[in-house]
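Novice: have a look; sequence and predicted model below, questions after that.
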Amino acid sequence: MTRSIRALLDRDDIIVSPGVYDGYSARLAQAAGFPLVSSTGAGLANSRWGLPDLGLVSLRDNLEACRVIARAVDVPVSADAEAGYGNAATVHHVVREFEAAGVSAVSIEDQVLPKRCGHLAGKDVIPLPDMVAKIRAATAARRDPSFMIISRTDAIAVEGIEKTVERVRAYEAAGADAIFPDAVRGRDDIAAIVGAVRIPVRINMGFGIRTRDTTPLMSIPALKAMGVRWVSLSRMLPAAAIKGMTDALAVMREAMMREDVVERADLVVDMKTIASLMDYDRYLAVEREFLPEDDLARRYGPGKNDEET
């Protein structure tokens, strides 16, 4: 899995990773043909714990969520390791833990703790030498040399583009495998970052979701033409899920007052789709292989298998 991310980046193309936050979203992204998924820190905080993205999710909670996502899919997973949960010594431990969880890459940002969503006001960044130390510790910690260390920077909103360019060059020199500038303000910022480093640059896009006064929406071909190698769609799936659930709940509230049965197949998927997505057949095949015949007959009826019930 770790080698496959590098193989994807070695192609003469741009890769796109939807932001996922649970088994459903991860498997849907894989089923749609995306070769890579990225955990979304905001999506995890919001969906799993009902918290804003303000650095409130613990390392252990994040690890467990990413372990579940990595186990659910057969494509590589890039994990959001926030700001590394401490100093360089902490980052060394954090990288070991995420690698053991089965992900293929981690992004570590240069925000001051407690960090916050990159598109919120009020951010601050740690001194450049401190982040360089974190990157050096992260690269030294990985056991698999193909495991990727992605250096995210939030310095554009805090220090401006010139200082950010200075930072990303130092991050590359410290051993970062990719640069992830968040809350870029437009084409000029992207061009400056891409031109400053030789390693891949990853950009976060909010397709369908305009971020407040920060990154404008740009097409994938336009980003590729600028030299961007990796695009994250961090907010797309959580926002789509919220919209879908909101619409379904609104219909249900109206249906509660009606005598007739309301069936809205346009708002939901059927059980067959869910069973296929979650690969029930694989579990049931194990059942048929190892359970006694009389147990199978009791469960499904004489002469019947699970597909006939």
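Specialist: Great, that's in hand. Please read these numbers as outputs of a predicted model, since none were measured by experiment.
Novice: what's residue 206 in contact with, if anything?
Specialist: Residue 206 makes contacts with 215, 217, 233-236, as judged by CB atoms under 8 Å, 6 or more residues apart in numbering. No exception for glycine: its C-beta is placed from N, CA and C like everyone else's.
Novice: and it, how close does it get to residue 232?
Specialist: For residue 206, the distance to residue 232 equals 10 Å [CB to CB, to the nearest Å].
Novice: also residue 29?
Specialist: 12 Å.
Novice: please apply the same query to residue 114.
Specialist: Applying CB to CB to residue 114 and residue 232 gives a distance of 22 Å.
Novice: between these two, tell me which one has more neighbours.
Specialist: When residue 114 and residue 232 are compared for neighbours, residue 232 comes out ahead with 25 against 10, by other CB atoms under 10 Å.
Novice: surely the more buried one is in a helix?
Specialist: No - read with DSSP: H, G, I helix; E, B strand; the rest coil, residue 232 is strand and lies in no helix.
Novice: sorry, back to before: of the contacts of residue 206, keep whichever come out buried.
Specialist: 215, 233-236 (16 or more other CB atoms under 10 Å).
Novice: so where do the helices sit in the stretch 151-300 of the chain?
Specialist: 156-159, 161-174, 187-196, 220-225, 236-255, 271-277, 280-290, 293-300 (DSSP state H, counting those that start in this stretch).
Novice: out of these, which gets nearest to residue 23?
Specialist: Across the helices of the stretch 151-300 of the chain, residue 23 has its closest neighbour in helix 271-277 (8.9 Å, CB to CB).
Novice: what does the closest one rub up against?
Specialist: 24, 27-28, 31, 281.
Novice: buried ones among those residues?
Specialist: Among these, the ones that count as buried by 16+ other CB under 10 Å are 27-28.
Novice: which one of the contacts of helix 271-277 is nearest residue 181?
Specialist: Of all the contacts of helix 271-277, residue 28 has the smallest distance to residue 181: 27.8 Å, by CB to CB.
Novice: got the contact list for the strand or helix carrying the closest one?
Specialist: Applying DSSP states H and E as the criterion places residue 28 in helix 23-31. By CB under 8 Å, 6+ apart, the residues outside helix 23-31 that reach it are 18, 20, 37, 43, 68-69, 72-75, 77, 237-238, 241, 277-278.
Novice: how does it look with 7 Å?
Specialist: 18, 20, 37, 68-69, 72-75, 237, 277-278 (CB atoms under 7 Å, 6 or more residues apart in numbering).
Novice: for those, which one is nearest residue 58?
Specialist: Proximity of these to residue 58 was ranked by CB to CB; the top entry is residue 68 with 15.3 Å.
Novice: how is this structure divided into domains?
Specialist: Listed by automatic domain parsing, the domain ranges of the chain are 2-236, 242-308.
Novice: can you add mean pLDDT and give the ones you listed back as CSV?
Specialist: Converted to CSV, those look like this (pLDDT from 0 to 100):
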stretch, mean pLDDT
domain 2-236, 93
domain 242-308, 88
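Novice: for these, which one ends up most surrounded?
Specialist: Ranked by mean neighbour count under mean count of other CB atoms under 10 Å, the domains of the chain are led by domain 2-236, which reaches a mean of 19.
Novice: what's the nearest residue to residue 198 if we skip its chain neighbours?
Specialist: The shortest distance from residue 198 to any non-neighbouring residue, by CB to CB, 6 or more residues apart in numbering, is to residue 172 (6.9 Å).
Novice: so which strand or helix has residue 42?
Specialist: Assigned by DSSP H and E, residue 42 belongs to helix 41-49.
Novice: and that helix with helix 23-31, angle?
Specialist: Here helix 41-49 runs at an angle of 140 degrees relative to helix 23-31 (axes from the mean of the first three to the mean of the last three CA atoms, to 10 degrees).
Novice: list the contacts for residue 123?
Specialist: By CB under 7 Å, 6+ apart, residue 123 lies in contact with 111, 116, 154, 157-158.
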